[in-house]
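J.: I would like the atomic coordinates for the input below:
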Amino acid sequence: MDSVIVFDGCCSLCARSVGFILERDLDGVFKFAASQSGAGAALLAKAGLDAEAGDTVVLIENGTAYTRSEAALRIAARFHGPWRLLTWFRAVPRPLREWAYRIIARKRYAWFGGRRECLVPPEDVRDRFLD
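T.: Numbering: from 1, shown residues only. Model (predicted):
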């Protein structure tokens, strides 16, 4: 299964989230692409999503793009151990999950800061990042 996470590479929260995922993706399922990269922009365009928006994490699995809370929950479902319990948030009605996600997405730079340059992946996982 091809599983690519497209994220805002200039967002501190997003970069921390990628690190969080890398630490918990024990099977090495996910590949990553910053939305600002050529690969990320191409994946978003192919999915019919605006690369300039950058306000959502996108999970692309087998040609299907999932965004916002659905992407986050699908990512969590691939974790091992107690982190998998995050998928219980599927019990929360989707409109409420999306509302909360949009608030965090809108405020992420104010609350967590930004980066002048996109995330540079550590060398030991660089092969999991698309250029």
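
J.: any idea of the mean pLDDT for the longest helix along the chain?
T.: Assignment by DSSP state H gives helix 94-112 as the longest helix of the chain. Helix 94-112 shows a mean pLDDT of 86.

J.: Stretch 72-81 too?
T.: 90.

J.: what comes into contact with that stretch?
T.: 3, 5, 21, 24-27, 29-30, 57, 59, 61, 66, 83-84, 86-87, 89-90, 101 (Cβ atoms under 8 Å, 6 or more residues apart in numbering). Where C-beta positions appear, they are placed from N, C-alpha and C, glycine not excepted.

J.: okay, how far is it across it, tip to tip?
T.: End-to-end span of stretch 72-81 (Cα to Cα, to the nearest Å): 16 Å.

J.: Distance from the chain centre to that stretch, please.
T.: 12 Å (Cα atoms, centre = their mean, to the nearest Å).

J.: buried set for it?
T.: For stretch 72-81, burial by neighbour count (16 or more other Cβ atoms under 10 Å) applies to A72, L73, R74, I75, A76, R78, F79.

J.: Whichever helix or strand the third one is part of to helix 94-112, inter-axis angle?
T.: By that I understand R74. Element membership of R74, judged by DSSP states H and E, is helix 68-76. With axes from the mean of the first three to the mean of the last three Cα atoms, to 10 degrees applied, the angle from helix 68-76 to helix 94-112 works out at 90 degrees.

J.: Just the helices from this structure, written as ranges.
T.: Going by DSSP H, the chain shows helices at 12-24, 38-46, 68-76, 94-112.

J.: how distant is the third one from the center of its chain?
T.: Its chain's average C-alpha position is 8 Å from that of helix 68-76, according to Cα atoms, centre = their mean.

J.: and what of the first one?
T.: Chain-centre distance of helix 12-24: 8 Å, with Cα atoms, centre = their mean.
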